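1. sequence first, predicted coordinates after that:
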Protein chains: 2
Amino acid sequence: MADQISSTFAALADPTRRAILARLALGETSVTELAAPFEMSMPAVSKHLRVLENAGLVERGRQAQYRPVRLRAEPLKQAVGWLEEYRRFWEESFDRLDAYLQRIQAEQATGNKNATKKETKDAGKRK
Amino acid sequence: MADQISSTFAALADPTRRAILARLALGETSVTELAAPFEMSMPAVSKHLRVLENAGLVERGRQAQYRPVRLRAEPLKQAVGWLEEYRRFWEESFDRLDAYLQRIQAEQATGNKNATKKETKDAGKRK
DNA sequence: GGTGTATTTAACTATCAGGTTATGTAACCT
DNA sequence: AGGTTACATAACCTGATAGTTAAATACACC
């Protein structure tokens, strides 16, 4: 089995599974109800649920014939933690030209040395 | 081809690719240097880069024989946006019992209304 | 105890992902 | 021009994913 964060991201890579999680955010429900919106057989949904369960993103209960499914969001926390490391990169809001300009500017200013470290002085300038 | 967010998550689901992105956060570099830490052939790394590129997570330049690779973090923004929708779920810091207690409390308070039409009476009873 | 409902498991198929080796291509370096 | 360096592409293999239909299981209800 893969590491936790890999299986979390893998689970999230499928639109059906993301839709299932979105539904579960409204509250625990049955497999049949989860399956209803999809043009897909029940066993297919059952498999998606298994993937989500293996990733720790859902838990399953037992209640009469029903096996209620419930969201477990903890793994998402870890995923967001990983992504946050990159926040500064997208917050620099750069398109390619900006990036290029910033880079050569930085290079000229510092005599190069750490040209890839980005200096991004006026990153907020877009438009 | 899949939607943007699916291919972003799919790209992030592989540890090699996450390591590549982590390296790129330190600055743009060559394919060979990216490949160095891995026990894997160059073509394998090349494929990973292709996946990252298709997901919009890297850009590639051309500089003599080198084809420098550079991080593009914008798609991560969207991914984190999706995840943020679930933040409240993991911040509620709940184990299953907590979740159960919160749910019945809410149900009692609101006269049931959004109990997922299932009443989930003793859902917290695992074992 | 048989029937209906909810869901899983099994068996199968097709496609995709990640790896390999071998070969091709483009730019640099005498 | 010929060799080396840096990389990509092609062809191939293997295992995992995503779906299917059909059968099995579990419980509720009469």
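-> Happy to help now that I have it. It should be emphasised that the depicted structure is a prediction, and the values quoted were computed from it without experimental measurement.

2. out of everything not next to it in sequence, what's closest to A:S30?
-> Once its chain neighbours are removed from consideration, A:S30 has its nearest residue in A:Y66; the separation is 4.8 Å (Cβ to Cβ, 6 or more residues apart in numbering or on different chains). Heads up, the C-betas are built off the backbone N, CA and C, glycines and all.

3. phi and psi next, for the one you found.
-> Geometry field for A:Y66 lists phi and psi as phi -80, psi 150, criterion degrees, to the nearest 10.

4. list the beta-bridge partners for it.
-> According to DSSP bridges, the partner residues bridging A:Y66 are A:Q63.

5. could I get the pLDDT score of it?
-> Predicted confidence (pLDDT) at A:Y66: the value is 90.

6. in this structure it contacts A:T29, no?
-> No: contact between A:Y66 and A:T29 fails when scored by Cβ atoms under 8 Å: they sit 9.0 Å apart.

7. compare these two (neighbour count), which wins?
-> A direct count of neighbours by other Cβ atoms under 10 Å in any protein chain shown for A:Y66 and A:T29 places A:T29 higher, at 21 against 15.

8. for the more buried one, which residues count as its bridge partners?
-> A:T29 has the following beta-bridge partners by DSSP bridges: A:V69.

9. that one reaches A:R67, doesn't it?
-> No: using Cβ under 8 Å, A:T29 is not in contact with A:R67, being 10.5 Å away.

10. in chain A, which spans are helices?
-> When assigned using DSSP state H, the helices of chain A occupy the ranges A:4-12, A:15-24, A:31-35, A:42-54, A:74-84, A:87-91, A:96-110.

11. for A:Q78, grab the count of nearby residues.
-> Other residues near A:Q78 come to 14 when the count uses other Cβ under 10 Å.

12. what sits closest to it if chain neighbours are left out?
-> Among residues not flanking A:Q78 along the chain, A:I5 sits closest, at 5.7 Å (Cβ to Cβ, 6+ apart).

13. where does pLDDT dip in chain A?
-> Low-confidence regions of chain A, defined here as pLDDT under 70, cover residues A:1, A:93-127.

14. tell me which parts of it are close to DNA strand D?
-> A:10, A:13-14, A:16, A:39-41, A:43-44, A:47-48, A:51, A:62, A:64-65 (Cβ under 7 Å from any atom of the strand).
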